[in-house]
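Peer 1: please work out how this folds:
(chains A, B, C and D)
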Number of protein chains: 2
Amino acid sequence: MVRSAATRAGANITAVALHAGVSRQTVSNALNRPSRLHPDTLARVLASIDELGYRPNQAARSLRTQASRVIGCRLLSEEAVAAGGVIDRFMHSLCIAARESRYDVLTFAVGDEGEEIDAFSDLIRRTAVDGFVLTGTHRDDRRADWLLRSGAQFVAFGRPWGAASPRHSWVDVDGAAGVEASVRHLVEQGFRRVGFVGWPEGSGVGDDRHEGWLRACRAHRLPIQHLALRAEDGVDTGEALAGRLLDRSRSADAIVCVSDRMAIGAVRAVEARGLVAGVDVAVTGFDDSPAAGVVRPGLTSVRQPLEQAARRIVQVLTDLLTGRSQGPVTELLTPTLVVRESSTGTARW
Amino acid sequence: MVRSAATRAGANITAVALHAGVSRQTVSNALNRPSRLHPDTLARVLASIDELGYRPNQAARSLRTQASRVIGCRLLSEEAVAAGGVIDRFMHSLCIAARESRYDVLTFAVGDEGEEIDAFSDLIRRTAVDGFVLTGTHRDDRRADWLLRSGAQFVAFGRPWGAASPRHSWVDVDGAAGVEASVRHLVEQGFRRVGFVGWPEGSGVGDDRHEGWLRACRAHRLPIQHLALRAEDGVDTGEALAGRLLDRSRSADAIVCVSDRMAIGAVRAVEARGLVAGVDVAVTGFDDSPAAGVVRPGLTSVRQPLEQAARRIVQVLTDLLTGRSQGPVTELLTPTLVVRESSTGTARW
DNA sequence: CCTAGCGTTTTGAACGTTCATACGGCACGA
DNA sequence: TCGTGCCGTATGAACGTTCAAAACGCTAGG
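Peer 2: As a prediction, the model looks like this:
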């Protein structure tokens, strides 16, 4: 016979107390304040807990403590997923980090920012979550303002672009540093005319990466005139912009792209002109998406430390929730460069 | 001044009752059994609920009803994500479908099947979820057996491959039908020697798709001898197998692949031999991953109806949870073919 | 006129946990 | 001997909701 009683919900704190010959409160203390118990009592209670397979009922605990031990996080749409799998890797790491801190993660999908705020409001009023993780922050983000006004606890993955002083906690990856690392790497490979293929002016992330390219070029005394072009993300736009950089009279010999999609387009532009990507013209991407390792030549790309970001975010959020920290905490993480053939030409295909 | 009182958790059922001049139970009924109330009372109570921004406290409700209104679902690892973004699209749809049925989705990430079972056990004993959605089912899946033994409610996205009779509910996409549709489409395009590039024998999904190819070839009286090759998923394996199909004395003039990754490899094999993919040799993939629309030629691919699958899964699970249905419910959905240039050659590049 | 029955609303209890506090025993110092 | 303080444990209440059942007002039927 299977010990189904141990695996199913059923044993409650009273059953454990009876079994161990102590009061309910002592069982509670065994789990929440073990130091308050006499070692012998603790051992006996823990043995009973183990034997009966007891876990505190989440609802009862939440009701009493007024805390759900759940973190809410919006699941981004397909579109964002297509952009490179960054958000999935992040979500995965977030779940693991939350679990380590004994928090659950509640995900929800919504159409737009307004609906996301509705979801926030609903979850807060139902006391279904203790706090949120905000992803995909951007200029004029209504969500952060709303959460601040509502008094909800949250940590953003991404900076509050445009805001003067940090009004809320965030953790982000230093995109500019990632681009700088790309340029440095290209310089070390002997490339001198490093073009930039980025996103249109105005987006925080896009401007930041452009800034990184500028800084790196200045630091290495590289030319910048007519070497930066910007458009919406996509393989086709990447190809078009890279093409223009290559067709200039003084054409680029390397192209730094702000996304792997644009980089894949850039490689196409290079090859369409009879040049060898990675040898005649180097190309780098951003995000180290699954595609980066699959395309040929393999794409040199900036990899964000998503596991670390998730871990830090959970830490900052739980500190906020438990009152261990008060004011806004901010943290900028440094990405790493994954070098492949598109910038080294070591492998011919 | 901001009406923060209305947006924060705070107003409880007693406050609403006082405001509307009725008892707590009447407020409860207004939300759960509105037909029991006099229309005038209902209107008055709903107005108070609206004015105070009241939402029932989830923990209290769960505690009383012994139901969390939460569905648990494992978030698959990066590896599976790389396979084509199917699982992300599914998760997104699952969240939306759950929300429509007033359920929340709790996601967790684990390393292996054993840990997943531990997570199940933990969530059940804490009464943190009412049921599970199982993804990535396969032969000798311990998870379904464990859940059945533990008496937990769940619906699998994917068939219990290998089991004789359905012991639990599942919803799946008819992969064989997807491959059949691919073959039919290729025949209509005039191709006759349709090769198959699949996964190794033994996996439920892989064998099913192979079966679909066999059926379609028989139905259209196409040759099958030496036209099916199988290996682990990947761009490189796809290229290798397709290469062997093309190098045969009586070579294939079309190649059906069980994944977009293998299909991308197959296109490479075609082009490496100086042939034009989509014209000389057609190629089809599976899953309609983001890459399928980006590569050139665009990849004809089988698209799974994931939104519908998620919706049906939530429906079946909630029926199970509310006792509206008893025995195992099973449902097989038909995928659609997204036709692009890799099988039609309409666009040259 | 009484009662049965229906529709609507209220009352008390219960879900399982933790908080605040009270209690008992023991060691110690006065 | 008697407080005093401390450690370990127990008791009652409370969190906010819904269930089960009672009570209310009204109409209809005997």
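Peer 1: ok, stretch A:234-248 near chain B or not?
Peer 2: Yes. Interface with chain B: stretch A:234-248 contributes residue A:235 (CB under 8 Å from any CB of the partner chain). All C-beta atoms are positioned from the backbone trio N, CA, C, and that covers glycine.
Peer 1: any idea of the mean pLDDT in that stretch?
Peer 2: Stretch A:234-248 carries an average pLDDT of 96.
Peer 1: in it, what counts as buried?
Peer 2: A:234, A:235, A:237, A:238, A:239, A:240, A:241, A:242, A:243, A:244, A:245, A:246 (16 or more other CB atoms under 10 Å in any protein chain shown).
Peer 1: wait, what's in contact with the last one?
Peer 2: It stands for residue A:246. Counting by CB atoms under 8 Å, 6 or more residues apart in numbering or on different chains, residue A:246 makes contact with A:252, A:269, A:270, A:273, A:275, A:281.
Peer 1: state the phi and psi torsions of it.
Peer 2: In terms of degrees, to the nearest 10, the main-chain angles of residue A:246 are phi -80, psi -30.
Peer 1: rewinding a little: of the contacts of residue A:246, which belong to strands?
Peer 2: Using DSSP state E, no member of the contacts of residue A:246 falls within strands.
Peer 1: can you tell me which of those is closest to chain B?
Peer 2: For these, the residue nearest chain B by CB to the nearest CB is residue A:269; the value is 12.6 Å.
Peer 1: next, count neighbours for that closest one.
Peer 2: Using other CB atoms under 10 Å in any protein chain shown, the number of residues around residue A:269 comes to 24.
Peer 1: tell me the contacts of it?
Peer 2: Contacts of residue A:269 by CB under 8 Å, 6+ apart are A:238, A:239, A:240, A:242, A:243, A:246.
Peer 1: can we see that at 6 Å?
Peer 2: Residues near residue A:269 by CB atoms under 6 Å, 6 or more residues apart in numbering or on different chains: A:239, A:242, A:243.
Peer 1: element containing the nearest residue to it once chain neighbours are set aside?
Peer 2: Residue nearest to residue A:269 in three dimensions, not counting chain neighbours: residue A:242, with 3.9 Å by CB to CB, 6 or more residues apart in numbering or on different chains. Assigned by DSSP states H and E, residue A:242 falls within helix A:235-247.
Peer 1: can you name the residues that contact residue A:75?
Peer 2: Residues near residue A:75 by CB under 6 Å, 6+ apart: A:107, A:109, B:92, B:95.
Peer 1: farthest pair within these?
Peer 2: A:107 and B:92 (9.1 Å; CB to CB).
Peer 1: all strands for the stretch 1-150 of chain A, in order.
Peer 2: A:70-74, A:104-108, A:131-135 (DSSP state E, counting those that start in this stretch).
Peer 1: deepest-packed of the ones you listed, please.
Peer 2: Among these, strand A:70-74 has the highest mean neighbour count (mean count of other CB atoms under 10 Å in any protein chain shown), at a mean of 24.
Peer 1: is residue A:301 in a helix, a strand, or coil?
Peer 2: At residue A:301, secondary structure determined by DSSP: H, G, I helix; E, B strand; the rest coil is strand.
Peer 1: now do the contacts for the residue nearest to residue A:269.
Peer 2: By CB under 6 Å, 6+ apart, the neighbours of residue A:242 are A:197, A:255, A:266, A:269.
Peer 1: ok, now how distant is it from DNA strand C?
Peer 2: If you measure residue A:242 against DNA strand C using CB to the nearest atom of the strand, to the nearest Å, the figure is 59 Å.
Peer 1: residues in contact with residue A:23?
Peer 2: Residues in contact with residue A:23 (CB under 6 Å, 6+ apart) are residue A:17.
Peer 1: let me know whether residue A:178 touches residue A:302 as I believe.
Peer 2: Yes. Proximity of residue A:178 to residue A:302 meets the contact threshold set by CB atoms under 6 Å, at 3.7 Å.
Peer 1: shared neighbours of the two, anything?
Peer 2: Each of residue A:335 lies in contact with both residue A:178 and residue A:302 under the rule CB under 6 Å, 6+ apart.
Peer 1: higher neighbour count, those two?
Peer 2: Remark: of residue A:178 and residue A:302, residue A:302 carries more neighbours, 31 against 25, as counted by other CB under 10 Å.
Peer 1: what bridges to the more buried one?
Peer 2: Note on residue A:302: beta-bridge partners by DSSP bridges are residue A:286, residue A:337.
Peer 1: wouldn't it be in contact with residue A:284 here?
Peer 2: No. In this structure residue A:302 lies outside contact range of residue A:284 using CB under 6 Å: 7.4 Å.
Peer 1: which strands or helices does the helix or strand containing residue A:171 pack on?
Peer 2: Counting by DSSP H and E, the element that carries residue A:171 is strand A:169-173. On a contact count with 3 or more CB pairs under 6 Å, 6 or more residues apart in numbering or on different chains; DSSP states H and E, strand A:169-173 meets strand A:153-157, helix A:306-322, strand A:330-333.
Peer 1: just those: most buried one?
Peer 2: strand A:153-157 (a mean of 24).
Peer 1: what about the helices in the stretch 1-150 of chain A?
Peer 2: Under the criterion DSSP state H, counting those that start in this stretch, helices of the stretch 1-150 of chain A are mapped to A:4-7, A:13-20, A:24-32, A:39-52, A:58-65, A:78-82, A:86-100, A:113-125, A:142-150.
Peer 1: about what we covered before: of the contacts of residue A:269, which is the nearest to residue A:212?
Peer 2: Taking CB to CB as the measure, residue A:212 lies nearest residue A:242 of the contacts of residue A:269, at 18.4 Å.
Peer 1: from residue B:241, how far off is the residue nearest the centre of chain A?
Peer 2: With distances taken as CA atoms, centre = their mean, residue A:90 lies nearest the centre of chain A, 4.2 Å away. In this structure, residue A:90 and residue B:241 are 34 Å apart, going by CB to CB, to the nearest Å.
Peer 1: do the same with residue A:221
Peer 2: Taking CB to CB, one finds residue A:221 at 50 Å from residue B:241.
Peer 1: which pLDDT value goes with the residue of the stretch 51-200 of chain A found nearest DNA strand D?
Peer 2: Distances from the stretch 51-200 of chain A to DNA strand D, computed as CB to the nearest atom of the strand, single out residue A:64 as the nearest residue at 3.7 Å. Residue A:64 carries a pLDDT score of 97 in this model.
Peer 1: and residue A:96, by the same measure?
Peer 2: 96.
Peer 1: residues contacting it?
Peer 2: Contacts of residue A:96 by CB under 6 Å, 6+ apart are residue B:109.
Peer 1: please apply the same query to the one 4 residues further on.
Peer 2: Under the criterion of CB under 6 Å, 6+ apart, the contact list for residue A:100 is empty.
Peer 1: before we move on, back to that, nearest to residue B:130, of the contacts of residue A:269?
Peer 2: Nearest to residue B:130 among these, with distances taken as CB to CB, is residue A:239, at 49.2 Å.
Peer 1: my read: residue A:300 touches residue A:339, true?
Peer 2: Yes. Residue A:300 is within contact range of residue A:339, at 5.1 Å (criterion: CB under 6 Å).
Peer 1: how distant is stretch A:205-216 from the center of its chain?
Peer 2: With CA atoms, centre = their mean, to the nearest Å as the basis, stretch A:205-216 stands 20 Å off its chain's centre.
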